[in-house]
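Asker: Kindly return the folded structure for what I paste below:
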Amino acid sequence: MRTYISLLLLILALGACKSKLETTPNIVIIFTDDQGYADIGVYGADDFETPNLDQMAAEGMRFTDFYVASPVCSPSRAALLTGCYPQRIGIPSVLFPEHENTDWNPEERRTKTGLHQNELTIAEMLREKGYATGCFGKWHLGHHKQFLPLQQGFDEYFGIPYSNDMRPGKNPGKTPYPPLPLMDGNGVHRFMDDDQSMITREYTEKAIDFIKRHQDQPFFVYLPHTMPHIPLYVSEQFKGKSIKGIYGDVIEEIDWSVGQINQTLEELGLDQNTLVMFATDNGPWLIFGDHGGSADPLREGKFTTFEGGMRVPCIMKWPGKIPEGSECNEIAASIDILPTIAAISGADLPDHKIDGHNIQNLLWGEKDAVSPTDTYFFYQNWQLQALRRGKWKLHLPHKYSAIIESDDGNSHGRKGIRSEIGLSLFNLDEDIGEQNNLVDQYPEIVKELLVKANEMKEELGDSEETGSGKRESGWERR
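Answerer: This is a model prediction of the structure:
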């Protein structure tokens, strides 16, 4: 009888443990920097190979119409982690380091700005559910102590606090940048101004170590790679490996990193209970030519609200949950990730308003599933420049920097010219490159979209106009 009771208790305990695991899946988000829409094999890459990402797509879901919330770094990352348009949370543009002392200290500044600590990040949300949380890579949401990852919900942090080109000598005529710090927690691990060749490998090794140490509890790994943001660096193992040159080498090393993460999950028997997501923060930096990526067949790239600036590759994998080899053609976005993770983990959503939606129906490949996003908005800094509803995308009149081929001695063979687009309507189902303006053919569609645009301007503002739904960024004066 005692043996029977012991076995029964063991079975019940194992059942409770299994139930807990099924409601607390591990989460891994891999986020690259300036990687273009066409910079993965399954999205049309040329001259370099991405077998691990291609395999991930074969085992999961490839999104064709996935958007980030900004065509530049800081606001895009803020949106991913909070589920909000960057304008709502006061991070509409890139944050830069300030430096006044010869010895860099993240706490000595006249002004401090970053992601407000009242905003709820994915890490904070999941930590409340008992998750271990680790960030390994580029942060770029404030480099002062109160804005760094350990103060935003992460148990561990290892990485660069902003872009890898923000280093001494790269800000002529302005306040000089400090030495580029590689941070461990809130402190500087080492400075790495001119040698970043091991950075992709170091991030990967730190993430894998974190997974191994926390394999017996639910964990959230955020792996925002520094690469392929310029300047480009690659380890000796991948140097000269691709036909594309150093850009291709860098992407192949990132692909290796993805493979290492997925292999670790499989070896530990965690892959069946882990959602792995891969995406990039914005479109490619086209002006850097062969040191930049490709957004083909999309128009333009980074810094613009054309498709090439904000439509990015996205692959998600969760064996047994996400259908293998599936493709999602519905609108989905980085702001949808927080509410979706909340739904699958049982975590509580923020008390304040967010902009994203739960896209579980898309992930599970449910029959006739449609995007919960009625209208998606494209901001550059504080200016509302475009919006999409279904197949229709309306550009409001705005200026932008167009990239053209150049023979003026620029080593990359390209230059930016100031250009302007008037009120323009595109059918993205038939014109993914945004070339055929249909504004005169469909006045009723234009009218409907302008109403939506005005509603958003009232809520989040537009240029000099302040919206009623805007919250402040973190800011403190010494």
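Asker: Is Ala207 in a helix, a strand, or coil?
Answerer: Following DSSP: H, G, I helix; E, B strand; the rest coil, the label given to Ala207 is helix.
Asker: ah, wrong one, I meant Leu265
Answerer: What three-state DSSP gives for Leu265 is helix.
Asker: Contact partners for the closest residue to it other than its chain neighbours?
Answerer: Excluding the flanking residues, the one nearest Leu265 by Cβ to Cβ, 6 or more residues apart in numbering is Asp271, at 4.2 Å. No exception for glycine: its C-beta is placed from N, CA and C like everyone else's. By Cβ atoms under 8 Å, 6 or more residues apart in numbering, the contact set of Asp271 is Asn262, Leu265, Pro319.
Asker: between the residues you listed, which is closest to Gly413?
Answerer: Asn262 (36.6 Å; Cβ to Cβ).
Asker: doesn't Val276 make contact with the closest one?
Answerer: Yes - assessed by Cβ atoms under 8 Å, Asn262 is found in contact with Val276 at 6.5 Å.
Asker: Relative to Pro339, how far out is Trp285?
Answerer: 30 Å (Cβ to Cβ, to the nearest Å).
Asker: What of Glu472?
Answerer: 22 Å.
Asker: What of Gly44?
Answerer: Distance from Gly44 to Pro339, by Cβ to Cβ: 30 Å.
Asker: Neighbour count: these two, which is higher?
Answerer: Pro339 (21 against 14; other Cβ atoms under 10 Å).
Asker: Please, which helix or strand holds the more buried one?
Answerer: Assessed by DSSP states H and E, Pro339 sits inside helix 337-345.
Asker: Which strands and helices lie in contact with that helix?
Answerer: strand 26-32, helix 73-82, helix 122-127, strand 274-280, helix 360-363 (3 or more Cβ pairs under 8 Å, 6 or more residues apart in numbering; DSSP states H and E).
Asker: so which of those comes closest to Glu307?
Answerer: Comparing the helices and strands packed on helix 337-345 against Glu307 with Cβ to Cβ, the closest turns out to be strand 274-280 (13.8 Å).
Asker: And the closest one, what does it pack against?
Answerer: Applying 3+ Cβ pairs under 8 Å, 6+ apart, one finds that strand 274-280 contacts strand 26-32, helix 51-59, helix 246-267, strand 314-317, helix 337-345.
Asker: one step back: tabulate the helices and strands packed on helix 337-345 (JSON lines), appending mean neighbour count and mean pLDDT.
Answerer: Shown next, in JSON lines, are the helices and strands packed on helix 337-345 (neighbours: other Cβ atoms under 10 Å; pLDDT from 0 to 100):
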{"stretch": "strand 26-32", "mean neighbour count": "25", "mean pLDDT": "98"}
{"stretch": "helix 73-82", "mean neighbour count": "28", "mean pLDDT": "98"}
{"stretch": "helix 122-127", "mean neighbour count": "22", "mean pLDDT": "98"}
{"stretch": "strand 274-280", "mean neighbour count": "25", "mean pLDDT": "98"}
{"stretch": "helix 360-363", "mean neighbour count": "21", "mean pLDDT": "98"}
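Asker: Identify the residues contacting the nearest residue to Gln35 once chain neighbours are set aside.
Answerer: In space, and not counting its chain neighbours, Gln35 is closest to Thr280: 4.0 Å by Cβ to Cβ, 6+ apart. Applying Cβ under 8 Å, 6+ apart, we find Thr280 in contact with Phe31, Thr32, Asp33, Asp34, Gln35, Gly36, Asp39, Val68, Val312, Pro313.
Asker: can you check Asp193 too?
Answerer: By Cβ under 8 Å, 6+ apart, the contact set of Asp193 is Arg167, Pro168, Pro179, Leu180.
Asker: Among the residues you listed, name the ones in helices.
Answerer: When the contacts of Asp193 are checked against helices (DSSP state H), there are no matches.
Asker: Put the buried members of those into a PyMOL selection.
Answerer: Typed into PyMOL, the line below selects the buried ones among the contacts of Asp193, using 16 or more other Cβ atoms under 10 Å:
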select buried, resi 167+180
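Asker: Just put the contacts of Asp193 in CSV and tack on pLDDT and distance to Thr204.
Answerer: Output for the contacts of Asp193, formatted as CSV (pLDDT from 0 to 100; distance: Cβ to Cβ, whole Å):
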residue, pLDDT, distance to Thr204
Arg167, 90, 22
Pro168, 87, 27
Pro179, 92, 24
Leu180, 95, 20
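Asker: now, which of the contacts of Asp193 sits nearest Ile403?
Answerer: Arg167 (24.4 Å).
Asker: measure stretch 41-50 end to end?
Answerer: 6 Å (Cα to Cα, to the nearest Å).
Asker: centre of the chain versus it, how much separation?
Answerer: Centroid displacement of stretch 41-50 relative to its chain, using Cα atoms, centre = their mean, to the nearest Å, is 20 Å.
Asker: Is Tyr379 within a helix or a strand, and which one?
Answerer: Applying DSSP H and E as the criterion places Tyr379 in strand 376-380.
Asker: Report the mean confidence score over whichever helix or strand comes after that strand.
Answerer: As assigned by DSSP H and E, the chain's next helix or strand after strand 376-380 is strand 383-389. On average, the pLDDT along strand 383-389 is 98.
Asker: same check, this time on stretch 190-201
Answerer: Here the average pLDDT along stretch 190-201 is 92.
Asker: Go ahead and measure how far it is from the middle of the chain.
Answerer: The chain centre lies 21 Å from the centre of stretch 190-201; the measure is Cα atoms, centre = their mean.
Asker: With that, I have no additional questions.
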